[in-house]
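In: here is the input, now give the coordinates:
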Amino acid sequence: DGTTTATVLAHSIAKDGFTRVSNGANPNEVRTGVQRAVSAVVAALKDLSKPVTTPEEIAQVATISANGDKEIGDLISSAMKRVGKNGVITVKDGKTLNDELEVIEGMKFDRGYISPYFINSSKGQKVEFENALLLLSEKKISSAQMLIPALELANAQRRPLVIIAEDVDGEALTTLVLNRLKVGLQVAAVKAPGFGDNRKNQLTDLAIATGGIVKSNDEESGVNIVKAALTAPCKTIAKNAGVDSERVVNKLLQSPDPNEGYDALHDKYVDMIQAGIIDPTKVVRSALQDAAGVASLLSTADVVVTEIPKEDPPMPAGGGMGGMGGMGGMY
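Out: Now for the predicted structure:
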């Protein structure tokens with residue numbers, strides 16, 4: 001299969017590469033050559049490949065991937081026929097002696113509602129919604145403040161709200177229960193399936209299946225980092241001009257005029273376009289993109305090599321002028 005093929009290829013490329021580098025070859029040029037050859041082979045493979053369309057062809061490909069197990073190949077072909085080429089197929093260890101195909105309309109995971117107060121069905125202990133809004137979070141939700149926008153949206157659209165998060169407890173859970181009992185809001189909270197990275201992957205699957213995105217605190221912190229960084233150039237200019245940088249930034253952020261800026265040379269707020277203080281869009285855009293690229297690389301790297309600047313040796317102390325010999329007795 002692909003994993004075995006990749007292992008065999010990697011062993012061959014690495015072994016031959018180490019040998020050539022040991023014999024004096026330039027490792028960077030060897031690496032460039034490998035990449036060129038791989039690009040050429042990939043292009044040739046694309047030219048040689050043909051789309052797999054019929055159930056029989058799909059079964060043949062699946063059988064090869066299943067180490068020659070034709071029964072598995074036929075089962076996968078049947079699954080693709082049922083869900084389509086863009087459908088999601090999950091293979092799990094079963095509890096029976098036979099291989100089985102189960103088609104689920106939607107997505108299924110082993111989690112239930114956090115509180116029985118969310119039950120809205122008279123036919124057993126169930127929560128049933130139609131056309132519900134879905135809030136996904138990979139973090140624990142404890143503050144009611146975090147839920148207010150979602151609750152207001154659900155109430156405005158008169159649609160049920162399902163919250164799937166690592167956990168919902170404390171003030172947040174109390175708020176949901178009170179809205180359910182007193183206001184009649186159709187809402188339910190569910191613990192996200194899985195643990196660690198697996199939980200994040202399952203939430204991503206849920207987001208894809210429902211056309212949404214996963215709300216991540218880490219991702220939101222990245223957004224806030226950029227928000228803060230966008231004020232840094234203005235703060236730097238204000239500091240260099242000897243004025244209160246926070247005051248300048250706050251005034252500009254509160255200004256309704258997008259063209260208003262701070263003229264540090266004359267210490268006043270002006271219309272930047274009328275004052276002729278204009279930056280090319282490309283320069284600003286490139287500065288932001290390049291800065292984000294470098295900063296992201298540094299924040300995800302384990303090791304950074306840098307050059308320690310050399311300190312210039314101190315200048316030797318100047319000695320006084322020596323006496324002028326042979327001039328004694330002169331006044």
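
In: only C-alpha atoms from now on, for both contacts and neighbour counts.
Out: Noted.

In: all strands for the protein, in order.
Out: Listed in chain order, the strands of the chain (DSSP state E) span 133-136, 140-141, 161-165, 167-168, 187-191, 260-263, 268-271.

In: quick one: those strands as JSON lines, columns for distance to residue 231 too.
Out: JSON lines is the format used below for those (distance: least, CA to CA, whole Å):
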{"stretch": "strand 133-136", "distance to residue 231": "31"}
{"stretch": "strand 140-141", "distance to residue 231": "30"}
{"stretch": "strand 161-165", "distance to residue 231": "33"}
{"stretch": "strand 167-168", "distance to residue 231": "35"}
{"stretch": "strand 187-191", "distance to residue 231": "38"}
{"stretch": "strand 260-263", "distance to residue 231": "12"}
{"stretch": "strand 268-271", "distance to residue 231": "16"}
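
In: pick out the residue nearest the middle of this protein.
Out: Averaging the C-alpha coordinates of the chain gives a centre point, and the residue nearest to it by CA atoms, centre = their mean is residue 219 (5.9 Å).

In: need the pLDDT of that one.
Out: In the predicted model, residue 219 carries a pLDDT score of 70.

In: quick one: residues contacting it.
Out: Counting by CA atoms under 8 Å, 6 or more residues apart in numbering, residue 219 makes contact with nothing.

In: neighbours around residue 49, how many?
Out: Applying other CA atoms under 10 Å, we find 8 other residues in the vicinity of residue 49.

In: would you mind giving both backbone torsions of it?
Out: The phi/psi pair for residue 49 (degrees, to the nearest 10) reads phi -70, psi 150.

In: for it, give its distance to residue 149.
Out: In this structure, residue 49 lies at 49 Å from residue 149, with CA to CA, to the nearest Å as the measure.

In: one more: residue 24?
Out: From residue 24 across to residue 149, the span is 64 Å (CA to CA).

In: okay, these two: which has more neighbours?
Out: A count of neighbours by other CA under 10 Å puts residue 149 above the other of residue 24 and residue 149, at 11 against 8.

In: quick check: domain ranges of the protein?
Out: The chain is divided into the following domains under automatic domain parsing: 2-48, 116-215, 225-294.

In: no more questions from me, cheers.
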